[in-house]
Structure formats: C-alpha cells, structure tokens
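Chemist: Here is my input, please return the structure:
(2 chains)
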Amino acid sequence: MSQILFYVVALLSLGCALSVILQRNPVYSALSLVGFLFLQAVYFVILRAYFLAVVQVLIYAGAIMVLFVYVVMVMNLSSDDLPRLHFKPVSIFLGGLFASILFYLFQSDKPITRIQALVVENNITEIAKLLFSEYVLAFEYISFLLVVAMVGVVVLNQRTQS
Amino acid sequence: MITEYFILSGILFTIGVLGVLVRKNLIVILMSLEIMMASSHLALVAAGNLAQNLSGQIFALFSIAVAAAEVAIGLALVVIIYKKKQTTNVDRFNILQG
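Modeler: Below you'll find the predicted structure:
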C-alpha cells in the first residue's frame, strides 16, 4: 500500500520539481514549489516522521512560500526578468555528469531493503527528549542563528532605505 | 524500499542543480536551492529510518531551520539588488567585472 502511494507521490513530486525549473513565470514556479514541498511532507508521513511532516507544512509550505510569493508579487517583473529558457550544452552536460555520478554511487551500494516501521511510535515525545538532552547545544545555536538572520534582514533593508 | 528514497532524493537534487545552472531569474535560482535542500532532508529522514533512530529526523529539523534563515537573508538580498538594478536577471549583475 505504502509502496504504491510512494510511487504515485514520487511521480507527482518529480513533475512539480521539473515544473519549478521549467516555468517561465516565477509565480507559477512558486506555486509548483508549494506542491513539491507539500508532497515532501507526504514522504515524511510514509516514513513515519509525523512531527517533521507537520514542521514541513508549517515552515516550508507556510512561512517560506509566503516569503517567496510576496517577493515575486512585490517585484514588478519585466520581460527582461523573464528571459527565454536556453539550455546551454554545458549546463546540460554538467547536470548529466552530476546525475551519473549520483547513480554510480547508488548502484555500487548493495540494495538496502530493510525496515519500514520506526521503533518509537510516540515520536514527538522522543524527539523532544533527544532535542533537549543530547542536542541541546545545537538547539541553542539554531535559535541564535535565527535571531542573527532576523536582525540581519532588518539591518540590510534599513541601510538601503536611507 | 529505502533505496528508492535515496534514488528519488538524488534525482530531485539533480533537478535543483539543473535549475541553478539553467535559470537566469534570481528568485527561481533560490527556489532551486530550496529543492536541493528539501531533497537532502528526504535523504536524511530515510537514513534515519534505516538506522532506526531519531537522529536523522533531528538533523532534518535543524536543516529546515537553517533553510528558513537562508531564505530570509537570500530574499532580502534579492530585494536590495532589485532596488538598485531594477531587475532580477543574473546576466545584468556583472558589477564585479569592473
């Protein structure tokens, strides 16, 4: 059951990701990105990472996408901003090279076909325990990083006003 | 079962790389970066499932927070550049060439 769901969602999310980079208009790209990030949450549900699925929808599909759509809408994009897509041979070559390296790496591994159910069922409690014991320092650093980012954005935009 | 997740995340990451290489619009390039980060989160969670512990999910959680900070700063820079140059086409940003 989850296998079929995985393949359906995989096809959909590949389509969404391709649509992000192939659409000419950034507004359509942003809408495809919403779909892509939402489908990402579905993978997390299949992998039993329920808390991450919620976080993905709240932060990515909610907060980050609002930022993207807001910036796209605020800018009055002219035709100079929307050049025709031109696939230069060198970029196709580099992308193909990257893909083939990845596939070589995956093929050289022996196939992994273990487990599906994660040991802990109540995973929010377990995540909280780990987060506030073993990873508490990283947690503090992340909060510091977010404050720095917020102050940085405000300062950057104040400088340009004056 | 888990192998498919790694392969899928590789394909998605490649799509993101192609987007960065091919597109000229700064905002769409940032979106391609988001695709790359999201595919790496998928690989992290799949690896956490494989290893049967929650560390993969916690690292993905931290990575999501970093991605949020990165997007905020990146879009602020895009807005500033747009105010200065009135365009988001990366071919127009040749200021460092002198």
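
Chemist: Any stretches of chain B with poor pLDDT?
Modeler: By pLDDT under 70, the low-scoring segments of chain B are B:98.

Chemist: in the longest helix seen in it, what counts as buried?
Modeler: Using DSSP state H to define each element, chain B has its longest helix at helix B:55-85. By 16 or more other C-beta atoms under 10 Å in any protein chain shown, the buried positions in helix B:55-85 come out as B:56-65, B:67-76, B:78-79, B:81-82. All C-beta atoms are positioned from the backbone trio N, CA, C, and that covers glycine.

Chemist: Does chain A have contacts with it?
Modeler: Yes. Applying C-beta under 8 Å from any C-beta of the partner chain, one finds helix B:55-85 in contact with chain A at B:55, B:57-58, B:60-62, B:64-73, B:75-80, B:82-84.

Chemist: Work out the gap between that helix and the centre of the chain.
Modeler: 9 Å (C-alpha atoms, centre = their mean, to the nearest Å).

Chemist: and if you look at stretch B:26-41?
Modeler: With C-alpha atoms, centre = their mean as the basis, stretch B:26-41 stands 3 Å off its chain's centre.

Chemist: now swap in stretch A:5-13 and tell me
Modeler: 16 Å.

Chemist: buried set for that stretch?
Modeler: Quick answer for stretch A:5-13 (16+ other C-beta under 10 Å): A:6, A:9-10, A:13.

Chemist: Show me which of the residues you listed is closest to chain B.
Modeler: Among the buried residues of stretch A:5-13, A:Ala10 lies closest to chain B (C-beta to the nearest C-beta), at 5.3 Å.

Chemist: Spatially nearest residue to the closest one, not counting backbone neighbours?
Modeler: Spatially, and ignoring its direct neighbours in sequence, A:Ala10 is nearest to B:Leu8 (5.3 Å; C-beta to C-beta, 6 or more residues apart in numbering or on different chains).

Chemist: CA atoms of the lowest-mean-pLDDT helix or strand in chain A as PDB?
Modeler: Ranking every helix and strand in chain A by mean pLDDT, DSSP states H and E puts helix A:89-108 at the bottom, with a mean of 75. C-alpha atoms of helix A:89-108 as PDB (Å, rounded to 0.1, in the frame of the first residue of the first chain):
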ATOM      1  CA  PRO A  89      25.000  22.400 -23.700                       C
ATOM      2  CA  VAL A  90      27.500  23.000 -20.900                       C
ATOM      3  CA  SER A  91      24.800  23.200 -18.300                       C
ATOM      4  CA  ILE A  92      23.100  20.000 -19.600                       C
ATOM      5  CA  PHE A  93      26.500  18.300 -19.600                       C
ATOM      6  CA  LEU A  94      27.200  19.400 -16.000                       C
ATOM      7  CA  GLY A  95      23.800  18.300 -14.800                       C
ATOM      8  CA  GLY A  96      24.100  14.900 -16.600                       C
ATOM      9  CA  LEU A  97      27.600  14.400 -15.100                       C
ATOM     10  CA  PHE A  98      26.200  15.100 -11.700                       C
ATOM     11  CA  ALA A  99      23.300  12.700 -12.200                       C
ATOM     12  CA  SER A 100      25.600  10.000 -13.500                       C
ATOM     13  CA  ILE A 101      27.900  10.300 -10.500                       C
ATOM     14  CA  LEU A 102      25.000  10.000  -8.100                       C
ATOM     15  CA  PHE A 103      23.700   7.000  -9.900                       C
ATOM     16  CA  TYR A 104      27.100   5.400  -9.900                       C
ATOM     17  CA  LEU A 105      27.300   5.900  -6.200                       C
ATOM     18  CA  PHE A 106      23.800   4.400  -5.700                       C
ATOM     19  CA  GLN A 107      24.500   1.400  -7.900                       C
ATOM     20  CA  SER A 108      27.800   0.500  -6.300                       C
END
